[in-house]
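K.L.:
give me the fold of what follows.
(one chain, ligands or ions: 2)
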Amino acid sequence: MSEKVEKQNIQTQLERLNLNADQLIEMYATMCTIRRFEQMADRLYASGKVHGTMHLSAGQEAVAVGAARAMRPNDYLLNHHRGHGHFIAKGADVKRMMAEFLGKDTGYCRGRGGSMHIADVESNNLGANGIVGGGISLAVGVGLAVQMQRKPEIVLSIFGDGAVNEGIFHESLNMAALWDLPVLFLCENNQYAMSMPITRATAKLPIAEKAGAYGMPGYHVDGNDVLQVYEVISQAAEHVRQGDGPVLVEAVTYRYFGHSKSDRNLYRTEDEIDEWKKNDPIIRFRQNLIEGQILDVQQAEKIDLEAQELIDEAVAYAEASPEPEIDTLTEYVYA
Ligand SMILES: Cc1ncc(C[n+]2csc(CCOP(=O)(O)OP(=O)(O)O)c2C)c(N)n1
Ligand SMILES: [Mg+2]
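P.N.:
Numbering: from 1, shown residues only. Ligands and ions are numbered 1, 2, ... in the order given. Next up is the predicted model:
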């Protein structure tokens, strides 16, 4: 495609999506920040500084960033165990996130949550959840509360493809549809639930079509195309915000790292991972921005370097932060 045509393409897209160049650059920067955060988290884990386990989302950045851009800052977020990117895209302070990873007192949950349980009630991030599908029903409860209080916010519920095979997914969608609750269900379909490929676990695809069973709209999007995710989630959010009831969006993507730190990746080939890396959401978007003359190569590289610097500063902050005091051990413990 000629340079002129590409430039026109992105300009037409910008007008249609009601986005400006600065917002696109910010989206690109956030995607770089999430990728750099994940890579650093992996290194810190390997060096023994992070305890427990973690679920990395490298490869899935377009879903987090496209969705967050389409939501309003005060909308509620409830997500699943692979949630670092969702919260960074919502505007998390990466210093406090990194501190949480290292179990420090300055972390979002004062070091109690770690990678899998980051929440921040102040910014309406009601938390990640280690129970597969657990966050979906909580989101329905929050949707009910929002509806009863006539609040302007809506609820974004993010979960994986594995959750869709559970009863809780169906019960939650049914109830939300029955009561027209303001919940946007977003399935981040990375095509595996641990080592289980979706084609061996889910009888009928695409997942988006399950929306029809509950009389709600369902959308199937390329989850590695940040602007497509943004466009569809914007439409879905508008529908939900107008009081027209819930929507289900399925974004198809792929994770590069293993399921968790104990995953030896024996269920998929290196070739498959490499094939998906050719469809990398950050490289695709960056190429799009360069061809559309929103950024040049040097500017794109500088943004990525700045993302790395931000993460380095976050690590320094986290490492210098104090451990929680021993006499706070029983705080937040209910018995
Ligand atoms: C109710 C429940 N069942 C099983 C598990 C163990 N488990 C943790 S993550 C996971 C796979 C989830 O896959 P998916 O929903 O696709 O999310 P992804 O990890 O791919 O992001 C399983 C089975 C769990 N945590 N909770
Ligand atoms: Mg999955």
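K.L.:
all contacts plus neighbour counts: C-alpha atoms, from now on.
P.N.:
Will do.
K.L.:
which parts of the chain sit against ligand 2?
P.N.:
Counting by CA under 5 Å from the ion, the chain comes close to ligand 2 at 160-161, 190, 192-193.
K.L.:
among those residues, who's most crowded?
P.N.:
residue 161 (25 neighbours; other CA atoms under 10 Å).
K.L.:
which pLDDT value does the model give that one?
P.N.:
In this model, residue 161 is scored at 98, pLDDT.
K.L.:
what's the answer for the one 4 residues further on, then?
P.N.:
At residue 165, the pLDDT value in this model is 97.
K.L.:
shouldn't it be in contact with residue 202?
P.N.:
Yes. In this structure, residue 165 is within contact of residue 202 by CA atoms under 8 Å, at 6.6 Å.
K.L.:
so which of the residues of the chain next to ligand 2 is the closest to residue 243?
P.N.:
Distance ranking of the residues of the chain next to ligand 2 against residue 243, using CA to CA, places residue 160 first at 25.4 Å.
K.L.:
next, that closest one: phi, psi?
P.N.:
Main-chain torsions, residue 160, degrees, to the nearest 10: phi -90, psi 180.
K.L.:
distance-wise, check it relative to residue 146.
P.N.:
24 Å (CA to CA, to the nearest Å).
K.L.:
what's next to the helix or strand encompassing residue 298, contact-wise?
P.N.:
Assessed by DSSP states H and E, residue 298 sits inside helix 297-320. Contacts with helix 297-320, where a contact means CA atoms under 8 Å, 6 or more residues apart in numbering, come from 29-30, 32-33, 36-37, 40, 94-96, 98-100, 102, 104, 106-107, 286, 290.
K.L.:
residues near residue 328, how many?
P.N.:
Residue 328, neighbours per other CA under 10 Å, totals 9.
K.L.:
in the stretch 51-200 of the chain, where is pLDDT below threshold?
P.N.:
For the stretch 51-200 of the chain, no stretch has pLDDT under 70.
K.L.:
show me which residues of the chain sit near ligand 1.
P.N.:
With the criterion set to CA under 6 Å from any ligand atom, the chain comes near ligand 1 through 82, 130-132, 160-163, 190, 192-194, 259.
K.L.:
most proximal residue of the stretch 1-150 of the chain with respect to ligand 2?
P.N.:
Closest residue of the stretch 1-150 of the chain to ligand 2, CA to the ion: residue 82 (9.2 Å).
K.L.:
give me the phi and psi angles of that residue.
P.N.:
Torsion angles, degrees, to the nearest 10, at residue 82: phi -100, psi 60.
K.L.:
list the contacts for it?
P.N.:
Per CA under 8 Å, 6+ apart, neighbours of residue 82: 54-57, 116, 128.
K.L.:
in strands, which of these fall?
P.N.:
Among these, no residue falls in strands (DSSP state E).
K.L.:
related to what we said a few turns ago, next, the buried residues of the helix holding residue 298.
P.N.:
300, 303-305, 307-308, 310-312, 314-315, 317-319 (16 or more other CA atoms under 10 Å).
K.L.:
what is the mean pLDDT for that helix?
P.N.:
Helix 297-320 comes out at a mean pLDDT of 98.
K.L.:
quick one: the helix or strand hosting residue 25 to helix 297-320, angle?
P.N.:
Residue 25 belongs to helix 21-46 when assigned by DSSP H and E. If you take axes from the mean of the first three to the mean of the last three CA atoms, to 10 degrees, helix 21-46 sits at 40 degrees to helix 297-320.
K.L.:
elements contacting the helix or strand just after helix 21-46?
P.N.:
Downstream of helix 21-46, the next assigned helix or strand under DSSP H and E is helix 61-70. With contacts taken as 3 or more CA pairs under 8 Å, 6 or more residues apart in numbering; DSSP states H and E, helix 61-70 sits against helix 21-46, helix 84-90, helix 226-241, helix 281-291.
K.L.:
for residue 156, which of these is the nearest?
P.N.:
That would be helix 226-241 among the helices and strands packed on helix 61-70, by CA to CA, at 8.9 Å.
K.L.:
please work out the average pLDDT along that closest one.
P.N.:
Computed over helix 226-241, the average pLDDT equals 98.
K.L.:
what's that helix in contact with?
P.N.:
17, 62-63, 65-67, 69-71, 152-154, 181-184, 219, 221-223, 245-247, 249, 251, 281, 285.
K.L.:
next SSE after it?
P.N.:
Past helix 226-241, the next helix or strand by DSSP H and E is strand 247-252.
K.L.:
and the helix or strand following that following strand, what's buried?
P.N.:
For strand 247-252, the following helix or strand on the C-terminal side (DSSP H and E) is helix 270-277. Under the neighbour-count criterion of 16+ other CA under 10 Å, helix 270-277 has 276-277 buried.
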